[in-house]
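Engineer: Provide a 3D model corresponding to the input given below.
(one chain, ligands or ions: 1)
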Amino acid sequence: MFMDLLKRRRSIRKYTPEPVQPELIQTLVKAALLSPSSRSINPWEFVIVRDPKVLQQLSESKQGAGFLAGAALAIVVIADTRKSDVWVEDCSIAASNILLAAADLGLGACWAQIRKRMHAEGRSAEDYVRSLLTIPEYMGVEAIIGAGYPAEQRPPLSENGLQTNKVHYDRY
Ligand SMILES: Cc1cc2nc3c(=O)[nH]c(=O)nc-3n(C[C@H](O)[C@H](O)[C@H](O)COP(=O)(O)O)c2cc1C
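Structural biologist: Residues are numbered from 1 along each chain as shown. Have a look, this model is predicted:
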């Protein structure tokens with residue numbers, strides 16, 4: 001059930017050292033490539049990283065990306081900013097689809113925000129990731145999704161306490 005999947009998906013930041021089976025990686029890739037995009041431009045591209053040394057370097061992109069050091073896999077979500085003015089939205093949908101597909105497969109996954117974040121004073125996290133992975137300047141780096149077999153369990157989300165006060169009908 002889709003509603004159960006939405007509840008089961010939690011940010012998992014601890015992973016076992018086991019490499020993720022190639023078929024599962026391919027399912028995550030397909031989930032990303034099946035994403036809708038504005039005017040069907042599909043400006044996104046994806047860099048799949050499995051090399052532990054590079055995962056360690058990605059974990060140093062910015063504060064709050066440290067969990068990537070222990071990930072078996074990272075999917076770097078990037079887009080050609082020349083092709084679409086709404087590449088951020090397109091990337092976000094693709095990243096969300098990856099997170100949901102991971103939860104469906106029993107993998108743990110978590111989003112690390114890169115766009116608008118700093119690597120260090122005077123250097124953006126986007127710039128750091130671009131040079132690390134030889135990504136051209138015109139590609140925007142939205143996020144890095146870390147994934148692996150989960151080494152922590154988190155309780156599913158609940159419908160109790162949903163912020164229904166945020167929902168407005170017919171008028172604000
Ligand atoms: C746009 C976005 C950016 C996020 N950036 C980070 C991040 O940089 N590092 C991190 O550890 N988690 C990050 N997260 C995960 C959130 O912290 C997490 O989704 C939130 O705490 C809710 O927990 P849940 O995903 O388990 O429901 C991000 C999530 C989103 C949607």
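
Engineer: wait, does the longest strand anywhere in the chain make contact with the ligand?
Structural biologist: What stands out as the longest strand in the chain, according to DSSP state E, is strand 139-148. No - Strand 139-148 does not reach the ligand (Cβ under 6 Å from any ligand atom); its nearest approach is 6.5 Å. (Glycine included, C-beta is placed from N, CA and C.)

Engineer: ok, L100 to the ligand distance?
Structural biologist: Taking Cβ to the nearest ligand atom, to the nearest Å as the measure, L100 falls 11 Å from the ligand.

Engineer: relative to P43, how far out is that residue?
Structural biologist: 21 Å (Cβ to Cβ, to the nearest Å).

Engineer: and the most centrally placed residue in the chain, what are its bridge partners?
Structural biologist: By Cα atoms, centre = their mean, the chain has its centre lying nearest to I145, at 3.0 Å. Beta bridges link I145 to I75, W111, judged by DSSP bridges.

Engineer: how about S61: what's its closest non-neighbour residue?
Structural biologist: A125 (4.7 Å; Cβ to Cβ, 6 or more residues apart in numbering).

Engineer: ok, now D4?
Structural biologist: Per Cβ to Cβ, 6+ apart, closest to D4 is P156, 7.9 Å.

Engineer: can you confirm the one you found is in a helix?
Structural biologist: No - membership of P156 in a helix is not supported by DSSP: H, G, I helix; E, B strand; the rest coil, which gives coil.
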